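[1] Here you go, sequence then predicted model.
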Amino acid sequence: MKTKVKPGTAEDYLAASRPFLEATRQEPGNKWFEHFRSVDDPDTILTLEAFEDAAAGEAHVSSDHFQQYLVDDRTKPFVAEVPDIIYVDLPDRQGWDKMAEF
């Protein structure tokens, strides 16, 4: 997910999203959940998340903390526009590949 935050609010956004990040990392089937700030635009946050399989992803969106997030999203005051998202299902993938050119 690529989130554009209001100028100067990236740290507030990251702090507000921290409880959700930590809860998601504790879910069975979660491989990773990470935030990164763009080196070109400090008001852009990239979020990468991965789950073992579709069932783990479905459990994530059904979890109590996800449902609470929908009701009480504490990051929303800092978000400048609707985030962009890319969803990819790679059922045979277990993790990261190594870069062939390195």
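    Yep, that arrived. It should be emphasised that the depicted structure is a prediction, and the values quoted were computed from it without experimental measurement.
[2] Packing partners of the strand or helix carrying residue 34?
    For residue 34, the host element (DSSP states H and E) is strand 30-37. Packed against strand 30-37 by the contact rule (3 or more CB pairs under 8 Å, 6 or more residues apart in numbering; DSSP states H and E) you find helix 10-25, strand 44-51. Where C-beta positions appear, they are placed from N, C-alpha and C, glycine not excepted.
[3] Return the distance of the longest one from the chain's centre.
    Using CA atoms, centre = their mean, to the nearest Å, we find the averaged C-alpha position of helix 10-25 to lie 9 Å away from the chain's own average C-alpha position.
[4] what is the mean pLDDT for it?
    For helix 10-25, the mean per-residue pLDDT is 96.
[5] swap in the shortest one?
    Average pLDDT, strand 44-51: 95.
[6] neighbouring contacts of it?
    If you take CB atoms under 8 Å, 6 or more residues apart in numbering as the criterion, strand 44-51 is touched by 1-5, 10, 13-14, 24, 27, 29-38, 57, 60.
[7] What subset of those residues is buried?
    With burial judged by 16 or more other CB atoms under 10 Å, the buried subset of the contacts of strand 44-51 is 3-5, 10, 13-14, 24, 27, 30, 33, 35, 37, 57, 60.
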